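[1] build me a model from this:
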Amino acid sequence: MMLRAMISKAPDVRTYVADLPSERQPVIRKLRTLCREILKGYEECIEYGMPCYKRDGILEVSFASQKQYVALYILRKDVLDEFRTSLPAATIGKGCIRFRKIDSIDFETIRRILLRNVKSTSPSCP
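    Now for the predicted structure:
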């Protein structure tokens, strides 16, 4: 199975998803749907070669289909810290949740993380 390079040249999120390998598209579409549903008032854009969501011009959430995993970036440290133990099937770094097995993605917990992110007023990670 060949996956695309990490950094996409897609001009918009729709193109980003369409350019992905077919086995990754449903997962990325679901992440996008959750973000668009929950992150009301956020700007959807492409930055750093991946879909991003900004509130008041500040990047808070993004996701990407990487070579070895699907990544969800939650840049509000308080939000990510609150859910660290809720995702045992993922590897969690400073601001990144990595899912190596796409069938192990817990979309209900992701929904809760996004809802919590909307309520957060703390500053983003540096």
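
[2] how many neighbours does T91 have?
    Neighbour count for T91, taken as other Cβ atoms under 10 Å: 12. Where you see a C-beta, it was placed from the backbone N, CA and C, and this is true even at glycine.

[3] got the contact list for it?
    69, 97-98, 100 (Cβ atoms under 8 Å, 6 or more residues apart in numbering).

[4] could you redo the last one with a cut-off of 6 Å?
    R98 (Cβ atoms under 6 Å, 6 or more residues apart in numbering).

[5] that one and R84, how far apart?
    As judged by Cβ to Cβ, to the nearest Å, T91 and R84 stand 11 Å apart.

[6] what ranges do the strands span in the chain?
    43-47, 50-55, 58-65, 70-74, 91-92, 96-99 (DSSP state E).

[7] dump those to JSON lines, plus distance to D12 and mean pLDDT.
    JSON lines is the format used below for the strands of the chain (distance: least, Cβ to Cβ, whole Å; pLDDT from 0 to 100):
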{"stretch": "strand 43-47", "distance to D12": "6", "mean pLDDT": "96"}
{"stretch": "strand 50-55", "distance to D12": "9", "mean pLDDT": "96"}
{"stretch": "strand 58-65", "distance to D12": "14", "mean pLDDT": "96"}
{"stretch": "strand 70-74", "distance to D12": "18", "mean pLDDT": "96"}
{"stretch": "strand 91-92", "distance to D12": "28", "mean pLDDT": "94"}
{"stretch": "strand 96-99", "distance to D12": "23", "mean pLDDT": "96"}
